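> this one's sequence-less:
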């Protein structure tokens, strides 16, 4: 990076950043299915410059840049300086930790040295190989791999100035020409010198002992003066500057007076402001040094501490950057500058010193659209020859403004001073001007865009379209000459004539809504709101009404409003605090008992309408007496409760509220239970001398006792009460049946009778059926009856799952459904032939039914084509566990659907999709079949559920996020195919209750678990 001081060195240019790749995994498990090719192969993410670096002998250091760039727009609405900085820091750190996790694990495993950066979401890998870089690039979160950059700063250029002896005594204490040229001295006369504002530079360092700067150092007089106030990439924690460039630029921003000959001359635009500094150029201007400095500006820390802790409250308001690369629109540092602005930091950049080469000479970072670039003019009011002309990135007018930059007197190390020239000298004039403006108008502090507009709108126009642009905004002068007095006057005109403080009405009680009211402002303003708890911002509380919750108990609440109107500076006012919030009263209703009131039938205690997020405990009663152990949402009566009435008491609690309880009305007397019992089956040959056996399908509930009675033509056979019966010759031609009677205490006795078997002649061949086929859900099983002799006149089939007959499964083929998952399958063949009677044969049981064979595995590099020979169009389910699972549906040109999350995942592949992809962390995707799990009344903390299949419908409650440091989100789906399938979603920061919509097919939770309460 070139310190912009003098005649430009060798031009440096870098390409625009590559577009963020769409991660497109591959995967069919061993099927040989053709994958759709993914454009962003790992090798494609390595830039040509990085490939050239790897081609050199030995390993090389490189940058691993990640695609995730979090949205920081919400920061602009945060009025608290401390809260705004913390929000930006927390958001950037969270995004970096999430996207860098896999790469860091690989680097740790390989023993490679690295440094992780959160402000730019990148990792600097030390001495890595091309193979390592390629492996790391396979991570879908990786955007690109770039080489490191290292540039030298040219020596400062001194210009001829008046000899010290020629300075007239009358010039003593008169400001240098650059200060009067921008009318800074006129603001001093109004008592505005920058008090309350902190400025910084990223430069070669600052001589903190210089008398022109020592008094303005923020650490002056502190017990540990340099903690959080000075950072240097050379490791030395005290303010120092071996070069002089940084001391000179800092002097122009906030310096006092410097000695010239026998007189003292004021040199700083805002001498009442304080300064801190990051010496990013103290060790050769390496890119990693500048990035480290950029992070420190956002969140300063004590460099001399063994365990430094970043503190965003100590960040500066303004940061000057008198460095760059001529003839470049390289995006270097752009994400950090964007974060600076989100945190409320105004950044100035020198536009470059390549004016002698003509137009299009602007240097990066100044040339980038998002940055505020400064050109230089001389004492005579003409543009400096060396001041770089635009345009900049994508034809943007550059510079944005011009300031004094030729023959600028300022401080140098060792109590020195000198006249230097360059846009490096111009940029600090603008930084100092911002310090004056923000000191004069605190409402402007942090409002970077409004401040730019004021500077642009008051700059004195200079018509020079030689490099393009217009008379009032061109690529030589930008908007014109900086005039801080005019900017101040416009800022004053932009203030509201009259503002009012909001008032809060309502009961000061948990659960009772409060309302903020604002009397009219002049001129009329639109308001935004931010509620506060003991002065601290309450996340998400941004409406005119707010309902205190348990976290507010005992706290004093206030509300800040920001008024906005066209042409006026957004202004905030804050209400007085409320009295302490008192304990709330739970809204409660009488519960009711749902379900059939009989022994063995599950009943549910439906809470009714209570305050959202109330936690419940339960106590069940029979005829008014507590039932020991009955303390759940559900209760199943036993024989002990038969004939008694039931009630349930619900106890509700929520933080910040007085507990409450309600008891239900009594049910009818508990009736006898009903046993579900399928008909018994007669197995064997109904031929004289043969023995028949009765097979009884399992009962629900399990009986206490079972008895059997055999019948001949409907009449009881004396003594035939066992499970077997031997056929007699006299019974030829008659019908045999068997009855089973099951009994259980508290249940109605249940008697069922088998189908009849006619006694006849013996078959010479009557084999048991054999089941063939794949034992998987969705596959077809076939019952082979074998060769019978003689051939029966009729065959009939019945399939069973775990011994229970499967309704409707009466042919020789059967396709297991989801409800057959993990069950054993059998089949019976029943035959009849006149004279041979009835014979029933049963197969051996299969192994347990497995999940569907329609499956594919996620992959981080390729997508799979959609079609019957690759990934059929249907709904799939995967168990991702705690890993982050990501999937997408694609057309040839765009993403059609997308989702990411942990736990159980579902998505539907649509027949018109071109391809689909999923990350490797999803595991295996299996075709979804209903019935593979029993519906539950609770969820895990993360996952997607099919309502009515995985999860019961009803009213659900959560106590809030399982991790206090995170939030919880939930989503209702009408289909599992991406954003278009969303019905509604919400964010949960506290105890909450939701009702499953009747139109919803699915429910997803992330970060909190839910239990049914109604």
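It's in. Since the structure is predicted, the reported quantities are computational estimates derived from the model, not experimental observations. Numbers count the residues shown, from 1 in each chain.
> name the element the residue lying closest to residue 193 once chain neighbours are set aside belongs to?
In space, and not counting its chain neighbours, residue 193 is closest to residue 272: 3.1 Å by CB to CB, 6 or more residues apart in numbering. For every residue, glycine as well, the C-beta is placed using N, CA and C. Counting by DSSP states H and E, there is no helix or strand that carries residue 272.
> Roughly how far does residue 272 sit from residue 266?
12 Å (CB to CB, to the nearest Å).
> Same check on residue 203?
In terms of CB to CB, residue 203 sits 21 Å off from residue 266.
> residues contacting residue 761?
Neighbour list for residue 761: 687, 732, 835-837 [criterion: CB atoms under 8 Å, 6 or more residues apart in numbering].
> How about residue 127?
Residue 127 is in contact with 58-61, 112-113, counting by CB under 8 Å, 6+ apart.
> quick one: which of the residues you listed is most hemmed in?
Each of these was scored for neighbours by other CB atoms under 10 Å, and residue 60 scores highest at 20 neighbours.
> is it in a bridge, and if so with what?
Here residue 60 sits in beta bridges with residue 128, as judged by DSSP bridges.
> Next one: residue 699 from residue 490, what distance?
Following CB to CB, the distance that separates residue 699 from residue 490 is 88 Å.
> In the contacts of residue 761, which residue is surrounded by the most others?
residue 837 (27 neighbours).
> Can you name the residues bridging to that one?
Applying DSSP bridges, one finds that residue 837 bridges with residue 759, residue 833.
> residue with max distance from the center of the chain?
Centroid-distance maximum for the chain: residue 730 at 80.6 Å, with CA atoms, centre = their mean.
> which SS state does that residue fall under?
At residue 730 the chain is in helix, as set by DSSP: H, G, I helix; E, B strand; the rest coil.
> And it, how far from residue 693?
Counting by CB to CB, the gap from residue 730 to residue 693 is 21 Å.
> and if you look at residue 919?
54 Å.
> May I see the buried residues of stretch 630-649?
630, 633, 635-639, 641-642, 644-649 (16 or more other CB atoms under 10 Å).
> can you pull the pLDDT of residue 540?
pLDDT for residue 540: 82.
> whoops, residue 43 was the one
87.
> My guess is residue 727 contacts residue 686. True?
Yes: at 6.1 Å, residue 727 and residue 686 qualify as touching, with contact defined as CB atoms under 8 Å.
> More neighbours: these two, which one.
residue 686 (27 against 23).
> What's the separation between the more buried one and residue 753?
Here residue 686 is placed at a distance of 16 Å from residue 753 (CB to CB).
> which residues touch stretch 798-812?
678, 681, 695, 697-698, 781-785, 796-797, 814, 816, 819-820, 823-828, 830.
> Please apply the same query to stretch 558-573.
Contacts of stretch 558-573 (CB under 8 Å, 6+ apart): 77, 79-80, 441, 443-444, 447, 450, 491, 494-496, 499-502, 504, 516, 518, 521, 523-532, 535, 546, 574-578.
> where in the stretch 501-650 of the chain is pLDDT low?
Within the stretch 501-650 of the chain, no stretch has pLDDT under 70.
> Show me where it has its strands.
503-505, 514-517, 526-533, 536-537, 545-546, 557-564, 571-574, 584-585, 592-594, 603-606, 615-622, 625-626, 634-635, 646-653 (DSSP state E, counting those that start in this stretch).
> Save those strands as a markdown table, and put in distance to residue 45 too.
Below are those laid out as a markdown table (distance: least, CB to CB, whole Å):
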| stretch | distance to residue 45 |
| --- | --- |
| strand 503-505 | 54 |
| strand 514-517 | 50 |
| strand 526-533 | 41 |
| strand 536-537 | 39 |
| strand 545-546 | 47 |
| strand 557-564 | 42 |
| strand 571-574 | 45 |
| strand 584-585 | 55 |
| strand 592-594 | 57 |
| strand 603-606 | 54 |
| strand 615-622 | 49 |
| strand 625-626 | 66 |
| strand 634-635 | 54 |
| strand 646-653 | 53 |
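> and residue 339, which of the ones you listed is closest to it?
Among the strands of the stretch 501-650 of the chain, strand 536-537 comes nearest to residue 339, with 19.1 Å by CB to CB.
> contacting residues around the closest one?
Contacts of strand 536-537 (CB under 8 Å, 6+ apart): 78, 80, 83, 530-531.
> got it, and stretch 134-148?
Contacts of stretch 134-148 (CB under 8 Å, 6+ apart): 17-18, 20-21, 23, 25, 42-43, 45-47, 49-50, 52-53, 60-68, 99-100, 102-103, 106-107, 124-125, 133, 286-288, 860-861, 886, 919.
> 6 Å - rerun?
With contact meaning CB atoms under 6 Å, 6 or more residues apart in numbering, stretch 134-148 is reached by 18, 20, 23, 42-43, 45-47, 49-50, 53, 61-67, 99, 102-103, 133, 287, 860.
> quick one, which of residue 203 and residue 266 is more surrounded?
Neighbours per residue, other CB under 10 Å: of residue 203 and residue 266, the larger number sits with residue 203, 30 against 20.
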